[in-house]
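K.L.:
Structural data only, the sequence is not supplied:
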């Protein structure tokens with residue numbers, strides 16, 4: 001199959017809610033669903049931007065050819081976790097075309113809210 005998508009994407013509205021400390025309680029999550037429909041492995045580099053500090057990253061991710069991943073942004077650890085309770089934006093760069101969708105689940109308002117939207121492609 002032909003590679004679909006673009007090589008650069010932006011998630012402009014990132015936010016990992018500060019959650020309860022108990023592991024037994026439901027956790028918030030931010031997920032980037034990334035599809036690599038092409039015939040080559042995709043090498044991604046994520047940079048995280050904040051309102052009040054220098055950017056974080058790079059976070060490096062590899063997606064095999066013709067595969068998809070559900071990248072939980074909450075779980076990124078290297079070089080540092082994305083802080084909870086703070087707004088952020090993410091720029092995703094890939095060496096091949098990919099598709100990106102952003103999903104946020106927040107169970108802290110008494111019910112579980114789920115918001116999903118396509119990330120913004122950067123068209124060169």
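P.N.:
Here it is on my side, so go on. Here the structure is a predicted model, which means the values were calculated and not measured.
K.L.:
any idea of the mean pLDDT in the helix or strand where residue 117 lies?
P.N.:
For residue 117, the enclosing helix or strand under DSSP states H and E is strand 113-118. Per-region confidence: strand 113-118 scores 63 on mean pLDDT.
K.L.:
what helices or strands is the helix or strand just after that strand leaning on?
P.N.:
Using DSSP H and E, the helix or strand that directly follows strand 113-118 along the chain is strand 120-121. When contacts are defined as 3 or more C-beta pairs under 8 Å, 6 or more residues apart in numbering; DSSP states H and E, strand 120-121 packs onto strand 6-15. Yep, even glycine has a C-beta here, placed from its N, CA and C like the rest.
K.L.:
List the buried residues for the strand it packs on?
P.N.:
6, 7, 8, 9, 10, 11, 14, 15 (16 or more other C-beta atoms under 10 Å).
K.L.:
In contact with the last one, which residues?
P.N.:
Read it as residue 15. Residues near residue 15 by C-beta atoms under 8 Å, 6 or more residues apart in numbering: 30, 86, 87, 88, 104.
K.L.:
what's the spacing between it and residue 87?
P.N.:
Distance, residue 15 to residue 87, by C-beta to C-beta, to the nearest Å: 5 Å.
K.L.:
and the residue nearest the centre of the chain, bridged to which residues?
P.N.:
Taking C-alpha atoms, centre = their mean, the centroid of the chain lies closest to residue 32, which sits 3.5 Å from it. In this entry, residue 32 is beta-bridged to residue 71, residue 102, by DSSP bridges.
K.L.:
State the distance from it to residue 52.
P.N.:
23 Å.
K.L.:
cool, and residue 59?
P.N.:
In terms of C-beta to C-beta, residue 59 sits 20 Å off from residue 52.
K.L.:
Many thanks, we can stop here.
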